[in-house]
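all I have is the shape, not the residue letters:
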């Protein structure tokens, strides 16, 4: 079974700094998808970014980018020029090609300080 | 687009009572997912449907839980009888055309069983 591990329970940075959240996963599949979701205090789950394993190029969405290392099974999220509104729980998630279910990591609580 | 709609947003009930959670997926989406979020277990998939048909219900905790999708625009998750350990946030998500399409989450239902 696939597993997703986020080793940083909490992180805190100053506004405008760059922060990187770590995620590793375990799978025997070659084709799969990886996601980062954001959960602010409202508890709404919001998609931040997704990466297809067959693509070598790292996905980017404005201030958000990933460092996808397939061989190392690592999928980190970098937030540049962090903003107060980035304060939230961040979840890394895996979806295998053979199934639609998302497997989530434990989450990282990120706080952006003014 | 209104997004995924869930009701109620909050539910407080007493142990032994029946609880029904409701979900309306995004129009045009043909896959629907029910997730549960707790402090102890994190986010976990309970069941998902493709074209109104249950595909994987291996995450459903026990017989007290049941889910239905009578049509493409409505699903219910029922707990009968409810127990205090069922207290959690229940999310509904939907996606388009099955595999590897991004899942979009509803705002969740916070359930408290006393």
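Sure thing, it's come through. What you see is a predicted model; the values in this text were computed from it and never measured. Numbering: from 1, shown residues only, chains lettered A, B, ... in the order given.

tell me the bridge partners for the residue nearest in space to the middle of chain B.
The centroid of chain B falls nearest to residue B:34 when counting by Cα atoms, centre = their mean (3.2 Å). Judged by DSSP bridges, the bridge partners of residue B:34 are residue B:47, residue B:92.

surely it touches residue B:94?
No. Counting by Cβ atoms under 8 Å, residue B:34 sits too far from residue B:94 to count as a contact (10.6 Å). All C-beta atoms are positioned from the backbone trio N, CA, C, and that covers glycine.

sorry, back to before: how about the contacts made by the residue nearest to the centre of chain B?
Going by Cβ atoms under 8 Å, 6 or more residues apart in numbering or on different chains, residue B:34 touches B:23, B:45, B:46, B:47, B:48, B:67, B:75, B:77, B:90, B:91, B:92.

could I get these as JSON lines with pLDDT and neighbour count?
Below are those laid out as JSON lines (pLDDT from 0 to 100; neighbours: other Cβ atoms under 10 Å in any protein chain shown):
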{"residue": "B:23", "pLDDT": "98", "neighbour count": "25"}
{"residue": "B:45", "pLDDT": "94", "neighbour count": "22"}
{"residue": "B:46", "pLDDT": "96", "neighbour count": "20"}
{"residue": "B:47", "pLDDT": "96", "neighbour count": "23"}
{"residue": "B:48", "pLDDT": "94", "neighbour count": "27"}
{"residue": "B:67", "pLDDT": "97", "neighbour count": "20"}
{"residue": "B:75", "pLDDT": "98", "neighbour count": "25"}
{"residue": "B:77", "pLDDT": "98", "neighbour count": "23"}
{"residue": "B:90", "pLDDT": "98", "neighbour count": "22"}
{"residue": "B:91", "pLDDT": "97", "neighbour count": "27"}
{"residue": "B:92", "pLDDT": "97", "neighbour count": "28"}
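
let me know the closest of the residues you listed to chain A.
residue B:45 (4.5 Å; Cβ to the nearest Cβ).

coming back round to it: quick check: the residue nearest to the centre of chain B vs chain A, distance?
From residue B:34 over to chain A the distance is 11 Å, taken as Cβ to the nearest Cβ, to the nearest Å.

what sits against residue 35?
Defaulting to chain A. So residue A:35 contacts A:47, A:48, A:49, A:50, A:51, A:92, A:93, A:94, A:95, A:102, B:102 (Cβ under 8 Å, 6+ apart).

think we crossed wires, I meant chain B
A:102, B:43, B:44, B:45, B:46, B:90, B:91, B:92, B:93, B:105.

surely residue B:85 forms part of a helix?
Yes. The assignment for residue B:85 (DSSP: H, G, I helix; E, B strand; the rest coil) places it in a helix.
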